[in-house]
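Undergrad: Please work out how this folds:
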Amino acid sequence: RLTVSARQVAEVPASAATPAVVTLAEGFRSVIGTSRDVDWVRAQLVGGQTYVVDLAADATGGRALADPVIDGIRDAQGRLIPGTFNDDYGVAADARVTFTPQVDGTYFIVARGFGSATGAYEVRLSTTTLVGDQHGDAPLTAGRLAVGQPLSAAVDFARDVDWFGVTLAAGQAYRITLRG
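TA: Residues are numbered from 1 along each chain as shown. Next up, the predicted model:
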């Protein structure tokens, strides 16, 4: 018998003192109560392992958060890890970040609503292997483009999102063409 559950904490602070915890075995639920509310949710992660962090609206306890935002992942010292922000993953208003920590340790998932959105949310954590995905879905795992050099890529699986970085010069006009 398999049971999926989620912990819940009434008030979650925006600091490393948070009592909120998410694990691979158990999600975490709470509420963004005001337009300025930001919650930090603690996770113990293994360096080199790739994780998928999902932040979704949760309608099980009342009004769901209409537009959840992962406002980054922070390290144990509270420093923001670049490339870990996400709003509106894929075609939905929920948020997702794929993240591979460099070292074992404590990390904090920062949850909030977009604009003045308030309501209930759930954070889930899972592991993944990026096998078969040619290009990542965030700035840290993005493919690289060079101006004037064509690139072929593929949608590798359902809901695959590929990011590409390119260096451009200010004041220069560019045309980007995508063919499917």
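
Undergrad: Name the SS class of the spatially most central residue of the chain, please.
TA: By CA atoms, centre = their mean, the chain has its centre lying nearest to V97, at 2.5 Å. Counting by DSSP: H, G, I helix; E, B strand; the rest coil, the backbone at V97 sits in strand.

Undergrad: Next, the distance between the ends of stretch 35-44.
TA: Stretch 35-44 has its terminal residues 28 Å apart, counting by CA to CA, to the nearest Å.

Undergrad: Please shift the residue numbers so they start at 894 in all later answers.
TA: Right, with 894 as the first residue, what we last looked at is stretch 928-937.

Undergrad: can you give me the mean pLDDT across it?
TA: Stretch 928-937 shows a mean pLDDT of 92.

Undergrad: The residue nearest to the centre of the chain and Y1000: what is the separation?
TA: In this view, V990 and Y1000 are 11 Å apart by CB to CB, to the nearest Å. Where C-beta positions appear, they are placed from N, C-alpha and C, glycine not excepted.

Undergrad: Tell me the residues that contact both of those two, please.
TA: The contact sets of V990 and Y1000 overlap at I966 (CB atoms under 8 Å, 6 or more residues apart in numbering).

Undergrad: Can you get me a residue count around L1061?
TA: A total of 10 residues lie near L1061 under the criterion other CB atoms under 10 Å.

Undergrad: now it, nearest residue through space, not along the chain?
TA: Ranked by CB to CB, 6 or more residues apart in numbering and with sequence neighbours excluded, the top spatial neighbour of L1061 is Y1067, at 6.2 Å.

Undergrad: Does that neighbour touch L1038 like I think?
TA: No: counting by CB atoms under 8 Å, L1038 is not a contact partner of Y1067; they are 10.5 Å apart.

Undergrad: thinking again about what came up before, list the residues that contact the residue nearest to the centre of the chain.
TA: V945, V946, I963, I966, T977, F978, N979, A1031.

Undergrad: right, and out of these, which lies closest to T1011?
TA: Ranked by distance to T1011 (CB to CB), these are led by I963 at 16.5 Å.
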